[in-house]
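K.L.:
Got a sequence here, can you model it:
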Amino acid sequence: MKKLLHRKSSPPPAGQTLRGQVRRDARTKNLTPKLQIGEVAVIDHQDLDRIAAEALAAARPVAVLNAAKSCSSRFPNLGPEVLIQAGIALIDDLGPAVMELGQGDKVEVLTGSGQVKLDGRTIATGQVQTEQSVAHSMALARRGLKAAMTDFAANTMTYLEGEYEQFFDHQDLPEIKTDLAGRPVLVVVRGYHYIEDLAVLKPYVSEAKPVIIGVDGGADAVIEAGLKPDMVVGDMDSVGDKALSCGAELVLHAYRDGRAPGARRLERLGLEFVTLPAPGTSEDVALMIADDKGAELIVAVGTHMTLVEFLDKGREGMASTFLTRLRVGGKLVDAKGVSQLYRRGVSNLQIVALCAAGLVTLLAALGATPVGHAFFEVIGASFDDAWAWIKSVMPG
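P.N.:
This next block holds a predicted model:
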């Protein structure tokens, strides 16, 4: 997994001709692990969200070609701005023709006109996104924020009506070997600011020793941070073999009807796992497991926490994520809150060492003064008298 580049680059210059080999996949999350520096990413992703855009930016393609609109102005999604600020050309609304490009095709991208050419022939023309066009789309989206929130609320109620029993009376959890009762749990999702949050939480992990649950690709993030997951939860489509084989307990998130496409992969690797059919996202399932198995505290890394993040994802499944947070309640704490409030404790050994260092400094200071010399002579004479008395009373 590629790490994100956190420095802000200059916006992509207009009027250039960019060249590169095509790397195409309609699902952005399937594309980014394979995308190489300098390639041309071809996607079909309406309302590009921030997480997907950050994964694209980390791969450093020369351009991103989107068959759909990266911002339809239905709600203020954050993805286009991420790519523009990273200095990556984004050509939008190219239509289905661009998805017919072959893997490895060498194309030319004209950032002035938005044309995409193959062997000198224009195969699609789209809208070149700039800082100005993205700002305009975001302004339109904010005007429609009320409608977006209304849709989100309606989706939430629809989900709640259909999954009420599963949501509030979760009785179908499989037997979990990992003991979570009364312990802090760290749930890691490969989402918003997960790299930074994991870095600042290392002192907390070292002292609190929480149970670590990696959600799909979040398990890879845990290993890359120098930690080890105790459990991996997900449909197992975006987690690496190393994380799956690290010895963590595997919980396969399946559809409600029991279908679990990820089972074939785990069986092929010869790994033991338990299957959990459940609605919602794998992120929701991990939080519910931690809650239902008695976790004392749940610290979330990379999960959706704010209204903008919920709307940015722009899918009905986020209704379950919103409700899951209501269900878990006060146990759930965002990693940023923990990193700001947590102060690393001082161990007894550190206190002893500090006192010893202070005593040595004090004795050295005394020894350098006439008063100190007199003090040590008095102490020495007292020891001599005490030793003489001890010898006089000892038999023989």
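
K.L.:
Torsion angles phi and psi at G262?
P.N.:
Main-chain dihedrals, G262, degrees, to the nearest 10: phi -70, psi -10.

K.L.:
make that E207, sorry
P.N.:
Torsion angles, degrees, to the nearest 10, at E207: phi -90, psi -40.

K.L.:
count of residues packed around it?
P.N.:
Using other C-beta atoms under 10 Å, the number of residues around E207 comes to 12. From N, CA and C alone the C-beta is placed, and that goes for glycine too.

K.L.:
Q115 now?
P.N.:
Per other C-beta under 10 Å, the neighbour tally for Q115 reads 18.

K.L.:
Now for it: which residues touch it?
P.N.:
Neighbour list for Q115: 109, 122, 124-125 [criterion: C-beta atoms under 8 Å, 6 or more residues apart in numbering].

K.L.:
Let me see the domain layout of this structure.
P.N.:
Taking automatic domain parsing as the reference, the chain has its domains at 17-140, 173-341, 348-387.

K.L.:
can you redo the ones you listed as a markdown table with mean pLDDT and distance to T150?
P.N.:
Shown next, in a markdown table, are those (pLDDT from 0 to 100; distance: least, C-beta to C-beta, whole Å):
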| stretch | mean pLDDT | distance to T150 |
| --- | --- | --- |
| domain 17-140 | 92 | 11 |
| domain 173-341 | 84 | 11 |
| domain 348-387 | 60 | 55 |
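
K.L.:
Now neighbour count and distance to V116 too, for the contacts of Q115, in TSV please.
P.N.:
As requested, these are exported to TSV (neighbours: other C-beta atoms under 10 Å; distance: C-beta to C-beta, whole Å):
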residue	neighbour count	distance to V116
V109	23	6
T122	13	7
A124	23	5
T125	18	7
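
K.L.:
I'd like to know which of these are part of strands.
P.N.:
109, 122, 124-125 (DSSP state E).

K.L.:
burial measure for G226, as a count.
P.N.:
10.

K.L.:
do V188 as well
P.N.:
30.

K.L.:
For the longest strand anywhere in the chain, enumerate the helices and strands it packs against.
P.N.:
Criterion DSSP E: the longest strand present in the chain is strand 17-24. Applying 3 or more C-beta pairs under 8 Å, 6 or more residues apart in numbering; DSSP states H and E, we find strand 17-24 packed against strand 40-43, strand 106-110.

K.L.:
Relative to it, what are the paired strands and their orientations?
P.N.:
strand 40-43 (parallel), strand 106-110 (antiparallel) (DSSP bridges).

K.L.:
buried sites along the longest one?
P.N.:
Put plainly, it is strand 106-110. 107-110 (16 or more other C-beta atoms under 10 Å).

K.L.:
Same list (the residues you listed) but as JSON lines, adding distance to M138.
P.N.:
Formatted as JSON lines, the buried residues of strand 106-110 follow (distance: C-beta to C-beta, whole Å):
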{"residue": "V107", "distance to M138": "29"}
{"residue": "E108", "distance to M138": "29"}
{"residue": "V109", "distance to M138": "24"}
{"residue": "L110", "distance to M138": "25"}
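
K.L.:
and which of those residues is nearest R268?
P.N.:
V107 (35.3 Å; C-beta to C-beta).

K.L.:
Please tell me how far the closest one sits from I37.
P.N.:
The gap separating V107 from I37 is 16 Å, by C-beta to C-beta, to the nearest Å.

K.L.:
Same check on A86?
P.N.:
A86 is 13 Å from I37, by C-beta to C-beta.

K.L.:
coming back round to it: of all the helices and strands packed on strand 17-24, which lies closest to R259?
P.N.:
Closest among those, once you apply C-beta to C-beta, is strand 40-43, at 26.1 Å.

K.L.:
what's the following helix or strand after the closest one?
P.N.:
With elements assigned by DSSP states H and E, the helix or strand that comes after strand 40-43 is helix 50-59.

K.L.:
So L323, which state does it fall into?
P.N.:
helix (DSSP: H, G, I helix; E, B strand; the rest coil).

K.L.:
Could you do A221 as well?
P.N.:
What three-state DSSP gives for A221 is helix.

K.L.:
Contact partners for the nearest residue to L18 once chain neighbours are set aside?
P.N.:
Computed as C-beta to C-beta, 6 or more residues apart in numbering, the closest residue to L18 that is not its neighbour in sequence is V109, at 4.4 Å. Neighbouring residues of V109 by C-beta under 8 Å, 6+ apart: 17-20, 40, 62-63, 65, 89, 91, 115-117.

K.L.:
Hmm, I213 is touching L186, no?
P.N.:
Yes. I213 is within contact range of L186, at 7.0 Å (criterion: C-beta atoms under 8 Å).

K.L.:
Let me have the helices and strands packed on strand 17-24 in CSV, extended by distance to G226.
P.N.:
Below are those laid out as CSV (distance: least, C-beta to C-beta, whole Å):
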stretch, distance to G226
strand 40-43, 30
strand 106-110, 39
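
K.L.:
what's the closest of those strands to R327?
P.N.:
Among these, strand 40-43 sits nearest to R327 (C-beta to C-beta), with 33.6 Å.

K.L.:
got a list of contacts for that closest one?
P.N.:
Contacts to strand 40-43, defined as C-beta under 8 Å, 6+ apart, come from residues 18, 20-26, 28, 31, 35, 56, 59, 61-67, 98-99, 101, 107, 109.

K.L.:
Give me the buried subset of these.
P.N.:
Buried by 16+ other C-beta under 10 Å: 18, 20, 22-25, 28, 31, 35, 56, 59, 61-67, 98-99, 101, 107, 109, out of the contacts of strand 40-43.

K.L.:
measure stretch 65-73 end to end?
P.N.:
19 Å (C-alpha to C-alpha, to the nearest Å).

K.L.:
swap in stretch 264-274?
P.N.:
13 Å.

K.L.:
What lies in contact with that stretch?
P.N.:
Counting by C-beta under 8 Å, 6+ apart, residues outside stretch 264-274 touching it are 174-176, 236, 241, 244-245, 249-252, 263.

K.L.:
I am finished for the moment; much appreciated.
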